[in-house]
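# Build me a model from this:
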Amino acid sequence: MDSTGNWYKPGQVSLEKDLILPYVPNVDLCDAKCASESESKRTTLLFFRGRLKRNAGGKIRSKLAAELAGAKDVVIEEGTAGEQGKAAAQKGMRTSIFCLSPAGDTPSSARLFDAVVSGCIPVIISDELELPFEGILDYRKIAIFVSSIDAVQPGWLLRYLKGISSTQIREMRRNLVEFSRHFVYSSPAQPLGPEDLVWRMMSGKLVNIKLHTRRSQRVVKESRSVCTCDCRRGNITASSTLSHQSLRV
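Next up, the predicted model:
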């Protein structure tokens, strides 16, 4: 989806050629030292701070808020902008075990990357989400994936989270410290940082595109189905420029 919640037209976006990029985190990085010091302070089971009323797939937020309202060890609150809002979100994430990451107006949300760099295990509830660098990174090591149907069932989500062993939680926290480097932009770029992973993913996609292009050029007419990969130059519009959502190659 684009930033207004509308699906791109067929042919405009394809994971065959486009890259999904991570949002820039809105909170400060909680490094290894911070993660160790904050471990004993994580007394909140599940935390979410943000806009509760969203469009399209983001409507799951208001349903979750209604389902989780008043639950013990759960904080669900409306977010605010500015430094005060950032400080409140950062404090909440650093004192919580799990951080809710539901869809926004689009399937993706900056909150996922805020949780990762805060050392808070993301609970992803976004059925249509595409993740950055998934060809390289295994998100199952750092995040919990829950379907929207299960998440809104009375009592289901909290029972599920409480059933996760302390051993698994500790392992996922350790993995979060390692994974955070993949989502922190820097200058100069660092090995395995987001800039590095962009070029690694792009290299793989270019090889695949060249494969399909050359096969389609040499296939004898009507001998077999020709690859339908659309490798034409895209229109230069706002939706095709480099953004936090996609990079056209």
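# Quick one: residues contacting residue 161.
When contacts are counted by Cβ atoms under 8 Å, 6 or more residues apart in numbering, residue 161 touches 45-46, 97-98, 123, 144. Using the backbone N, CA and C atoms, a C-beta is placed for each residue, glycine as well.
# Go through these and name the one nearest residue 208.
residue 144 (30.6 Å; Cβ to Cβ).
# any idea which element the closest residue in space to the closest one that isn't next to it in sequence lies in?
Nearest residue to residue 144 in three dimensions, chain neighbours excluded: residue 123, at 4.8 Å (Cβ to Cβ, 6 or more residues apart in numbering). Element membership for residue 123 (DSSP states H and E) is strand 121-125.
# Name the single longest helix found in this structure.
If you go by DSSP state H, the chain has its longest helix at helix 194-218.
# List the buried residues of that helix.
Of all the residues in helix 194-218, those buried under the rule 16 or more other Cβ atoms under 10 Å are 194-195, 197-198, 201, 205, 212.
# Show me the shaky parts of the chain.
Across the chain, the ranges flagged by pLDDT under 70 are 1-8, 10, 54-58, 221-249.
# mind listing what residue 169 touches?
Shown in contact with residue 169 (Cβ under 8 Å, 6+ apart): 97, 121.
# For it, give its distance to residue 64.
As for residue 169, its distance to residue 64 is 21 Å (criterion: Cβ to Cβ, to the nearest Å).
# could you pull out the helices for the protein?
Here the chain has its helices, by DSSP H, at 32-38, 60-68, 82-94, 111-117, 148-151, 156-162, 166-179, 194-218.
# To residue 52, which of these lies closest?
Ranking the helices of the chain by proximity to residue 52 (Cβ to Cβ) places helix 60-68 first, at 5.1 Å.
# Quick check: buried residues in that closest one?
So for helix 60-68, counting by 16+ other Cβ under 10 Å, buried means 60-61, 64-65, 67-68.
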